[in-house]
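Asker: could you work out the structure for the sequence below:
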Amino acid sequence: MKLMFVVKAECTKCGETFSTDEVLTVCKKCGGALLFRYDLTQVAEKISKRTLERREDTFWKFAEMLPLSSPNSIVSLGEPYTPVLRFSSNRALAFKDLYVKDDGRLPTGTFKARGMAVAVSKLKELGIKRVAIPSAGNAAAALAAYGAKAGIEVYAFMPKDAPKDNVKECVLLGAKVHLVAGLINDAAEIVKKLGRKYVWFDASTNKQPYRFEGYKAMAFETAEQFNWDLPDDIIFPTGGGEGIIGLWKGFNELAQLGWIRKIPRLIIVQSSGCAPLVEAYNRGDHELKVAWKNAKTVAAGLRVPHPYASYLVLR
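Answerer: A predicted model of the protein is given here:
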């Protein structure tokens with residue numbers, strides 16, 4: 001099977017383009033987040049909705065829409081389609097029809113497995129041997145799992161108060177875990193500072209284009225599960241914003257292919273204890289300027305005081 005319908009990586013800030021054959025992080029010119037662009041005309045000639053119906057229900061069925069050169073590059077832990085469950089009418093609050101997509105069925109129990117499955121597959125293809133990540137817990141666990149399968153060395157930097165289950169998960173999967181005094185932003189600074197010494201790939205949220213590609217599979221799956229007639233609104237709990245960017249990218253690509261008629265309104269929700277994106281959006285800001293102070297959340301993954309590339313989430 002021929003893959004590699006991806007033609008370039010493009011900076012979302014200044015428009016600079018980069019080769020997909022090189023190891024990519026952020027834009028070398030302005031530091032903006034990079035997104036892969038595809039030859040969608042060729043994709044449409046190669047596959048159709050009917051083609052997809054004949055394939056196994058995993059997010060790898062959309063392989064032509066991923067930045068991999070060969071199916072042999074895929075690092076998989078058995079990712080299923082995750083179910084869309086309908087709430088009973090008495091639990092649907094003010095909504096006429098309310099559904100939840102249960103990504104807890106994925107390996108390591110969160111949607112982060114999507115991003116890491118694709119990222120690790122591509123990094124292995126590019127010959128990367130060592131990866132580091134600042135994480136509140138879930139992303140590190142997913143990276144540890146896929147890194148172990150791919151034979152890639154994983155370094156995880158997590159806040160000292162990260163969920164113990166995530167810390168144990170990373171250790172049991174062979175990652176080298178370092179607990180940091182502070183929040184995920186502080187962990188990110190350490191990963192950046194030590195990067196030259198340890199020569200690792202920085203898999204931080206929004207600082208590379210690979211994880212977005214796994215998250216956009218949520219859009220593809222959801223579209224197919226609703227028979228290509230999507231809901232009006234999608235509500236997405238958000239920390240760093242990488243998932244919502246991937247979802248947005250996926251829906252836009254489906255629209256360009258002509259497979260969907262409408263793109264749902266995407267609504268991000270954040271914890272009242274850490275809501276920098278919500279606050280910036282309500283002010284009409286185009287980019288987040290100041291980190292959220294005294295960030296505190298019940299859900300550890302939502303505690304991201306200053307997301308990188310916030311301009312893209314807000315856009």
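Asker: burial measure for Asp285, as a count.
Answerer: 16 (other CB atoms under 10 Å). Bear in mind the C-beta positions are built from the backbone N, C-alpha and C, glycine included.
Asker: wait, a helix at it?
Answerer: No: Asp285 sits outside any helix when classified using DSSP: H, G, I helix; E, B strand; the rest coil, being coil.
Asker: how close does it get to Ser310?
Answerer: Noted for Asp285: a distance of 9 Å to Ser310, by CB to CB, to the nearest Å.
Asker: likewise Tyr281?
Answerer: Taken as CB to CB, the span from Tyr281 to Ser310 is 10 Å.
Asker: neighbour count winner among those two?
Answerer: Ser310 (23 against 17).
Asker: I figured the more buried one hits Val278, correct?
Answerer: No: using CB atoms under 8 Å, Ser310 is not in contact with Val278; the gap is 11.4 Å.
Asker: report the rounded mean pLDDT for the helix or strand harbouring Leu143.
Answerer: Counting by DSSP states H and E, the element that carries Leu143 is helix 138-150. Across helix 138-150, pLDDT averages out at 97.
Asker: chain center to it, what's the gap?
Answerer: Centroid separation for helix 138-150 versus its chain: 14 Å, with CA atoms, centre = their mean, to the nearest Å.
Asker: may I see the buried residues of it?
Answerer: 138-150 (16 or more other CB atoms under 10 Å).
Asker: just those residues now: which is nearest Tyr81?
Answerer: Ala142 (17.7 Å; CB to CB).
Asker: in the chain, which spans are strands?
Answerer: Using DSSP state E, the strands of the chain run over 6-11, 17-18, 34-38, 84-86, 99-101, 130-134, 153-159, 176-180, 201-202, 233-237, 265-269.
Asker: okay if I get these as a markdown table plus mean pLDDT, distance to Ala295 and mean neighbour count?
Answerer: Output for these, formatted as a markdown table (pLDDT from 0 to 100; distance: least, CB to CB, whole Å; neighbours: other CB atoms under 10 Å):
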| stretch | mean pLDDT | distance to Ala295 | mean neighbour count |
| --- | --- | --- | --- |
| strand 6-11 | 96 | 29 | 18 |
| strand 17-18 | 98 | 33 | 16 |
| strand 34-38 | 98 | 27 | 20 |
| strand 84-86 | 93 | 31 | 12 |
| strand 99-101 | 95 | 26 | 16 |
| strand 130-134 | 97 | 14 | 25 |
| strand 153-159 | 97 | 10 | 24 |
| strand 176-180 | 96 | 14 | 16 |
| strand 201-202 | 97 | 22 | 19 |
| strand 233-237 | 95 | 15 | 15 |
| strand 265-269 | 96 | 16 | 14 |
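Asker: quick one: the helices in the chain?
Answerer: 40-46, 49-53, 112-125, 138-150, 164-172, 184-198, 210-215, 217-225, 242-257, 276-283, 310-314 (DSSP state H).
Asker: just the pLDDT at Ala295, thanks.
Answerer: 93.
Asker: so Thr58 sits against Ile74, correct?
Answerer: No: using CB under 8 Å, Thr58 is not in contact with Ile74, being 9.8 Å away.
Asker: which of those two has more residues huddled nearby?
Answerer: Between Thr58 and Ile74, Ile74 has the larger neighbour count (other CB under 10 Å), namely 20 against 17.
Asker: show me what contacts the more buried one?
Answerer: By CB atoms under 8 Å, 6 or more residues apart in numbering, the contact set of Ile74 is 60, 63, 68, 121.
Asker: okay, the closest residue in space to the first one that isn't next to it in sequence: pLDDT?
Answerer: Beyond its immediate neighbours in the sequence, the residue positioned closest to Trp60 (CB to CB, 6 or more residues apart in numbering) is Ile74, lying 5.9 Å away. On the pLDDT scale, Ile74 is placed at 95.
Asker: how about low-confidence regions in this structure?
Answerer: 1-3, 90-92 (pLDDT under 70).
Asker: quick check: domain ranges of it?
Answerer: 6-82+210-314, 112-202 (automatic domain parsing).
Asker: take those and write them to a markdown table, including distance to Phe95.
Answerer: Below are the domains of the chain laid out as a markdown table (distance: least, CB to CB, whole Å):
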| stretch | distance to Phe95 |
| --- | --- |
| domain 6-82+210-314 | 8 |
| domain 112-202 | 25 |
